[in-house]
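A.B. asks: sequence unknown, structure follows:
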């Protein structure tokens, strides 16, 4: 682990991380990019919207998997690359998954896929996403080059969303957070933890946390890949409020135990970022800020977070990991509400 302030961060240096300093006079723990939205809805000819997408460092630059709803409004995943993490080139054709064997081919018929997460795990880049198989569930696949993609078995039974892998094994097992749901727009949702010996068979499911009121009163779901720190796994997650105007998606943060991540150590009561700008409040789904990916520079603690805005475009926000950790502790929900 490398150290920033009193918090140790298990992340490699990333000198070319996208970055903008905190605006003068701002006291926000995370702040929006002045260049938002960094990926417009129509970056490729086939897209109606590009949002809720995942980015990782790749060969000194950046690559990712992007949700691109097409002009039929079918949800699809596309690959993309960037030199600086801000200006992107996306493939106009969706990812064509190659089943790892004949059994996986039985579930390989394309229905829809959306809200990906991507991480480097051991020797390749793994992708999880919401996969259509008689309803939404968690698809799992991998790539070495963001050109060819291989599909594994779905992790869970329908209905499930927001499948997020941990970046290392925990007590010898792969680990994932998910949000069991229904087949609709899910007016409820708690985060659960599951483990696997091989990324194909999943069990030992454990409750992590659920809605608690306010901005996260209706449902919650894991966001970017958890960030390992000496204070625990820093989990940035979305929460949903139901009002007279429908759903509002914001995001906050929590700290989970390093070896028993279903145990919540601290959970921030306020949101970190809520829809307030025009690009977050106006679009295909108004009032949405949905986090899916975070880049971390282990040398400085800088964090660049990618989030979907109004189910229309992709945006960036910035912060420091150590400040987020201390913010969660200082603004924590009382312990009696954690479990």
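C.D. replies: That came through, no problem. Keep in mind the model is a prediction, meaning the values are calculated, not measured.
A.B. asks: Determine the longest helix present in the protein.
C.D. replies: Ranked by residue count under DSSP state H, the longest helix found in the chain is helix 321-330.
A.B. asks: Tell me which residues are up against it.
C.D. replies: 4-7, 9, 11, 29-30, 227, 229, 231, 234, 236, 253-255, 266-268, 272, 296, 301-303 (CB atoms under 8 Å, 6 or more residues apart in numbering). No exception for glycine: its C-beta is placed from N, CA and C like everyone else's.
A.B. asks: Would you enumerate the residues in contact with residue 217?
C.D. replies: 211, 239-242.
A.B. asks: For PyMOL, what selects the buried ones among the contacts of helix 321-330?
C.D. replies: Command for PyMOL that selects the buried part of these, burial taken from 16 or more other CB atoms under 10 Å:
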select buried, resi 4+7+9+11+29+30+227+229+231+234+236+253+254+255+266+267+268+272+296+301+302+303
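A.B. asks: Sitting in strands, which of the contacts of residue 217 do you find?
C.D. replies: With DSSP state E as the criterion, strands contain 239-242 from among the contacts of residue 217.
A.B. asks: among these, which ones are buried?
C.D. replies: 239-241.
A.B. asks: Let me have those in CSV, extended by distance to residue 93.
C.D. replies: Shown next, in CSV, are these (distance: CB to CB, whole Å):
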residue, distance to residue 93
239, 34
240, 32
241, 37
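A.B. asks: between those residues, which is nearest residue 319?
C.D. replies: Taking CB to CB as the measure, residue 319 lies nearest residue 239 of those, at 17.6 Å.
A.B. asks: How much space separates the residue nearest to the closest one when sequence neighbours are not counted from residue 164?
C.D. replies: In this structure, residue 239 finds its nearest non-sequential neighbour in residue 216, 2.8 Å apart by CB to CB, 6 or more residues apart in numbering. Counting by CB to CB, to the nearest Å, the separation of residue 216 from residue 164 is 17 Å.
A.B. asks: Residue 290 too?
C.D. replies: Residue 290 is 13 Å from residue 164, by CB to CB.
A.B. asks: How about residue 16?
C.D. replies: 25 Å.
A.B. asks: So those two - more neighbours on which side?
C.D. replies: Neighbours per residue, other CB atoms under 10 Å: of residue 16 and residue 164, the larger number sits with residue 164, 24 against 15.
A.B. asks: quick revisit: make TSV out of the ones in strands among the contacts of residue 217 and add distance to residue 119 and pLDDT.
C.D. replies: Formatted as TSV, the ones in strands among the contacts of residue 217 follow (distance: CB to CB, whole Å; pLDDT from 0 to 100):
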residue	distance to residue 119	pLDDT
239	22	98
240	24	98
241	29	98
242	31	96
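A.B. asks: From these, pick the one nearest residue 335.
C.D. replies: Distance to residue 335 across the ones in strands among the contacts of residue 217 (CB to CB) is lowest for residue 239, with 18.8 Å.
A.B. asks: Contacts only, for that closest one.
C.D. replies: Counted by CB under 8 Å, 6+ apart, residue 239 has contacts 211, 215-220, 249-252, 271.
A.B. asks: rewinding a little: list the contacts for the residue nearest to residue 239?
C.D. replies: Contacts of residue 216 (CB under 8 Å, 6+ apart): 239-241, 250, 252, 271.
A.B. asks: Please enumerate the helices of this protein.
C.D. replies: Going by DSSP H, the chain shows helices at 102-105, 278-281, 321-330.
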